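*Asks:* What follows is a predicted structure for the sequence shown.
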Amino acid sequence: MRGTQRRKRLRVHGVVIAVVIALTGATSPTTADSDRPVARSAVTTPRMDCAALAQRPIEALPGELATIDFVRVAPATADTPERCEVTALIAPQHQFTLKLPTKTWTGRYLQFGCGGFCGLTEPYGQTRMAEECPAYRSGEFAVASGNGGHVGSNATFATDPNLVEDFAYEAEHQLSVVAKNIIELYYGSPPEHSYFTGCSGGGRQALNLAQRYPKDFDGIVAGAPANNWVAMFVFSAGWNARANLAPDGTQILTSEDLPVLHKGALAACDSVDGLTDGLITDPRACSFDPGTLRCTADRTTGCLGAAEVEAARKIYRGAVDERGVPFYPGYPGGGQPIGSEPAWQSNIVRDHPDVPSGVEQLADGHLRHLAAPNQAKSYDWRTISFDRRTFRELSVMSPVMDATDPDLRPFRDSGGKLILWHGWNDAPIMAQGTIAYWEAMRKVTGARTGEFARLYLIPGMYHCEGGDGPDRADMLTPLTEWVEGGTAPDRVIVSERDEAGATVRTRPVFPYPRVAVHDGTGDPDKADSFVSGPGRSYPPARWVGTFRSGDQQWCEVRDGKLVCTPHRGDN
């Protein structure tokens, strides 16, 4: 926001949705499968030519300016219907595209989030799950995606406090307002139903919308949310980067060590769920010590040296404070889940000696630019202390950047539905942090949480995509069924495909804490061979921080600096 003028809100159409899994009996009707298509609504055709949009003024939030830069009609292809494509800008740097079907729109609006530090207009890495939805592929949605409020995919934008505020929490709300206004201009009516989907940074945006703007969307899909920045970027990413750094600056664990670790992890844990299939249903259910892989005089191949064993132990354990309490939320701790070792490649272990790993880049970007944007001071993951004092010092921007408020009652009371999902083998953002947020949310929203929110955990899946097993799922169809038909998803089918695109394995995932259990006789590659099991009960997550309502702050720029308070002002 550029001042108090921007605090005033326009009326927007739609309601935000939060979905996480029911721990106890939800009263909403459920489906046996999440892949049943929603009945198609009537098609609404445009009331003006696509080219005419370029001459129309666009309404934005008070104090903001939105302009259309370019429009064109994109002809139909084998994969996409004809659409009017709009390229536009919300000042100062929020670039976005809006794709408006010319012959197939059924009153639905879909907005994609952006990943990492954003900065790119096209939603790279965000559309994969939506592409599984038949209604999306057939052009029933008007679709928007933006760059998160700034140009450039690194964190150097933080030198401008206006851009920090937009990126932190405002950009996706801006976009929803402007895109819906353009939709109403083009079709003569606003969207009947509005949806948001994002993974990683887009997952953070999804939760941020549910927490701060509970009336923007009717349905939200939040995948692998990067919603807890200091714990994630510093005390997880920074810790892992340092744990694998030798005194001479080289990597300790290398690409050759990861298959050895993974084989040992599967030997210890694969069969714990009753099925030996290369997947660990719940990594919390077993233990694995990489010390069992230590090389000896009689064992010189397929093993690890002493330094590699110690580095792996640190990465599995995660950073802890002076009393042994984890900095990243989870049970038993905040380290990498057992079975995630292949996903350490490029994320924790460098692909090339001279190319920083993913965790190095994330920690660098956050510590140098976003940890304290109002100060000249910067930090370095190679030298910081992993202690409570440093955690408190680095958390000054958490009320602005994080999306960790567990109180989703305004979102629930608006009629919203949320599907929250995470891959168990996610290396950059561990699933136990999402579980901890879900548990905190359930404490606030109560035993009937499953009536508006559900959580799905996918065994073997990496960060947003890829993995040792099924990693593709249609989350958008069950969400639209829930929003538009009142039918809550009782399970979601996840699929694995070969290089030719053929489906080779399917597996159901059930609302947390329930898990898929093999029936003992069916084909383990077929979803119908699994039934819903109760899952195990675990103690509450331990970590240094808290998920607490009322900590969010709202900012404005004064004299070139962000001034942030718990008061929302007139936004």
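*Replies:* Nice, I can see it.
*Asks:* Grab the longest helix from this protein for me.
*Replies:* Scanning the chain for the helix with the most residues, using DSSP state H, yields helix 171-187.
*Asks:* so how far is that helix off the chain centroid?
*Replies:* Averaging C-alpha positions (Cα atoms, centre = their mean, to the nearest Å) puts helix 171-187 23 Å from its chain's average.
*Asks:* Next one: Ser529 from Thr159, what distance?
*Replies:* Using Cβ to Cβ, to the nearest Å, Ser529 is found at 55 Å from Thr159. (C-beta placed from N, C-alpha, C; glycine too.)
*Asks:* When these two are compared, which one has more neighbours?
*Replies:* Using other Cβ atoms under 10 Å, the more surrounded residue of Ser529 and Thr159 is Ser529, with 19 against 10.
*Asks:* which residues touch that one?
*Replies:* Listed by Cβ atoms under 8 Å, 6 or more residues apart in numbering, the contact partners of Ser529 are His518, Asp519, Thr521, Gly522, Asp523.
*Asks:* Show me how to select, in ChimeraX, the buried members of those residues.
*Replies:* To isolate the buried ones among the contacts of Ser529 in ChimeraX, judged by 16 or more other Cβ atoms under 10 Å, type:
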select :518
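*Asks:* Output the contacts of Ser529 as TSV; include the columns secondary structure.
*Replies:* Listed next are the contacts of Ser529 as TSV, based on DSSP: H, G, I helix; E, B strand; the rest coil:
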residue	secondary structure
His518	strand
Asp519	coil
Thr521	coil
Gly522	coil
Asp523	coil
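*Asks:* out of the contacts of Ser529, who's nearest Asp49?
*Replies:* Nearest to Asp49 among the contacts of Ser529 is Asp523, at 53.5 Å by Cβ to Cβ.
*Asks:* tell me the pLDDT at that closest one?
*Replies:* Note for Asp523: predicted pLDDT of 97.
*Asks:* Name the nearest residue to it, sequence neighbours excluded.
*Replies:* Sequence neighbours aside, Ser529 is the residue nearest to Asp523 in space, at 5.4 Å (criterion: Cβ to Cβ, 6 or more residues apart in numbering).
*Asks:* shouldn't Tyr186 be in contact with Leu100?
*Replies:* Yes. Under the criterion of Cβ atoms under 8 Å, Tyr186 makes contact with Leu100 at 5.5 Å.
*Asks:* Among these two, which residue is more densely surrounded?
*Replies:* Set Tyr186 next to Leu100 and count neighbours by other Cβ under 10 Å: Leu100 wins out with 28 against 25.
*Asks:* Wasn't the more buried one part of a strand?
*Replies:* Yes. Under three-state DSSP, Leu100 falls within a strand.
*Asks:* Please tell me how far it sits from Gly63.
*Replies:* With Cβ to Cβ as the criterion, Leu100 and Gly63 are 26 Å apart.
*Asks:* Run through the residues that contact the closest residue to Arg368 other than its chain neighbours.
*Replies:* Nearest residue to Arg368, sequence neighbours excluded (Cβ to Cβ, 6+ apart): Ser378, at 4.7 Å. Contacts for Ser378 (Cβ under 8 Å, 6+ apart) come out as Leu367, Arg368, His369, Ala371, Ala372.
*Asks:* Can you lay out these as CSV showing neighbour count, pLDDT and secondary structure?
*Replies:* Output for these, formatted as CSV (neighbours: other Cβ atoms under 10 Å; pLDDT from 0 to 100; DSSP: H, G, I helix; E, B strand; the rest coil):
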residue, neighbour count, pLDDT, secondary structure
Leu367, 23, 93, helix
Arg368, 17, 90, helix
His369, 18, 89, helix
Ala371, 27, 88, coil
Ala372, 17, 79, coil
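*Asks:* Pipe the residues you listed into a markdown table and attach distance to Thr404 per row.
*Replies:* Converted to a markdown table, those look like this (distance: Cβ to Cβ, whole Å):
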| residue | distance to Thr404 |
| --- | --- |
| Leu367 | 19 |
| Arg368 | 23 |
| His369 | 21 |
| Ala371 | 17 |
| Ala372 | 19 |
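*Asks:* Closest to Pro428 out of these?
*Replies:* Closest to Pro428, out of all of the contacts of Ser378 and judged by Cβ to Cβ, is Leu367, at 15.7 Å.
*Asks:* host element of the residue nearest to that closest one when sequence neighbours are not counted?
*Replies:* With Cβ to Cβ, 6+ apart as the criterion, Leu367 has its nearest non-adjacent residue at 4.0 Å, and that residue is Tyr379. Of the helices and strands defined by DSSP states H and E, none includes Tyr379.
*Asks:* Can you give me the pLDDT of Tyr379?
*Replies:* Listed pLDDT for Tyr379 reads 89.
*Asks:* Over to the one 5 residues further on?
*Replies:* Model confidence at Ile384, expressed as pLDDT, equals 94.
*Asks:* Please verify my assumption that it contacts Val234.
*Replies:* Yes. The pair Ile384 / Val234 is scored as a contact, 7.2 Å apart, by Cβ under 8 Å.
*Asks:* Specify which residue of these two has the higher count of neighbours.
*Replies:* More crowded of Ile384 and Val234, by other Cβ under 10 Å: Val234, with 26 against 19.
*Asks:* Could you report the separation of that one from Val164?
*Replies:* Applying Cβ to Cβ, the value for Val234 to Val164 is 17 Å.
*Asks:* How many residues are close by Thr45?
*Replies:* By other Cβ under 10 Å, the burial measure for Thr45, its neighbour count, is 11.
*Asks:* So it versus Ala246, what's the distance?
*Replies:* From Thr45 across to Ala246, the span is 64 Å (Cβ to Cβ).
*Asks:* Who are the packing partners of the helix or strand hosting Arg313?
*Replies:* Element membership for Arg313, per DSSP H and E: helix 306-317. With contacts taken as 3 or more Cβ pairs under 8 Å, 6 or more residues apart in numbering; DSSP states H and E, helix 306-317 sits against helix 239-243, helix 257-269.
*Asks:* Only the C-alpha atoms, please, for that helix, written as CSV.
*Replies:* The C-alpha trace of helix 306-317 is given here as CSV (Å, rounded to 0.1, in the frame of the first residue of the first chain):
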residue,chain,number,x,y,z
ALA,A,306,32.0,-40.4,9.1
ALA,A,307,31.6,-36.8,7.8
GLU,A,308,28.7,-37.8,5.5
VAL,A,309,27.0,-39.7,8.4
GLU,A,310,27.2,-36.7,10.6
ALA,A,311,25.9,-34.3,7.9
ALA,A,312,23.0,-36.6,7.2
ARG,A,313,22.1,-36.8,10.9
LYS,A,314,22.0,-33.0,11.2
ILE,A,315,19.8,-32.7,8.2
TYR,A,316,17.3,-35.4,9.5
ARG,A,317,17.3,-33.8,12.9
